[in-house]
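[1] Sequence isn't available, so here's the structure alone:
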Ligand SMILES: [Zn+2]
């Protein structure tokens, strides 16, 4: 009996702690897109927890007690900032977190929105690259032993983002300028618009917190009729009814679903940032082709 018990103890000790295994750095990302960047840079050195998952709306997220515990344990907490995660400051304070908070949006040239700063900086790949550089630097500071790995991972990923950016420019350049005009549910594509030359109008502002007013909807319907908008898009984080109603009232085509503020579930084709951007460009190109 004793021998058996020792054997089990030895066996489980071996399983639980392989001799050079290293404890993974506990890291929290506020939402799915940042979570993807952090995983790309951190590789297997990190245990990444993402608070707002695929298809989730981080503007209006309701944190859970489990989120508070994850924040309390994290060594580094990556957030977007720019007014995106309004619920996060209180959560971090309540969790009495000792982790380093890294606000990635700080480094971008922020666009003003109608009711505050536009937080959707990731919709321009150049900003995604800034985020990745900041993630690399923050992880290297928190875990100096991993600095070489973070540097190599970030360099490989940044090269992929360069290729992605060029691919998007090329795909959208092929569409005649007067067709590059669409409607989305909320104003999430200002950075995309500025970088890639597709004009977006939206009944809801830069946050989904406030519902679109009757006047906003009427304004969009007028604009759609007047400006020859090519298509109305649904979003993975928003109720589809508003966009469908605008399409029905104007005769505009429903162009498909864009991934605005979150990755999608894998079967929808946007389970990581690069796939998400490719999906959006494909949907736009399809709807806007003459
Ligand atoms: Zn948004």
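    Sure thing, it's come through. Values in this document were obtained by computation on a predicted structure and should not be read as measured data.
[2] Alongside the ion, which residues does this structure contribute?
    Proximity of the chain to the ion, by Cβ under 5 Å from the ion, involves residues 188, 261. From N, CA and C alone the C-beta is placed, and that goes for glycine too.
[3] And the residue nearest the centre of the chain?
    Centroid-nearest residue in the chain, with Cα atoms, centre = their mean: residue 33, separated by 2.9 Å.
[4] where does the stretch 151-290 of the chain have low pLDDT?
    Counting by pLDDT under 70, the stretch 151-290 of the chain contains no low-confidence range.
[5] can we see that at 80?
    The stretch 151-290 of the chain contains residues with pLDDT under 80 at 228.
[6] can you give me the strands in it?
    181-183, 199-201, 231-235, 253-258 (DSSP state E, counting those that start in this stretch).
[7] outside of the second one, which residues touch it?
    Contacts to strand 199-201, defined as Cβ atoms under 8 Å, 6 or more residues apart in numbering, come from residues 180-184, 187, 189-190, 192-193, 220, 223-224, 227, 229.
[8] In its sheet, which strands sit next to that strand, and in what direction?
    With DSSP bridges as the test, strand 199-201 is paired with strand 181-183 (parallel).
[9] any idea how far the strand it pairs with is from the chain center?
    On the basis of Cα atoms, centre = their mean, to the nearest Å, strand 181-183 is displaced by 21 Å from the centre of the chain it belongs to.
[10] Name the residues of the longest helix belonging to the chain that are buried.
    Using DSSP state H to define each element, the chain has its longest helix at helix 147-173. Using 16 or more other Cβ atoms under 10 Å as the test for burial, helix 147-173 gives 149-150, 153-154, 157-158, 161, 164-165, 168, 172.
[11] so how many other residues sit close to the residue nearest to residue 146 when sequence neighbours are not counted?
    The shortest distance from residue 146 to any non-neighbouring residue, by Cβ to Cβ, 6 or more residues apart in numbering, is to residue 45 (4.7 Å). Residues near residue 45, counting by other Cβ atoms under 10 Å, number 18.
[12] On the pLDDT front, check residue 45 for me.
    Residue 45 is assigned a predicted lDDT (pLDDT) of 97.
[13] Adjust the sequence numbering to begin at 48 for everything that follows.
    In the new count, where the first residue is 48, that last one comes out as residue 92.
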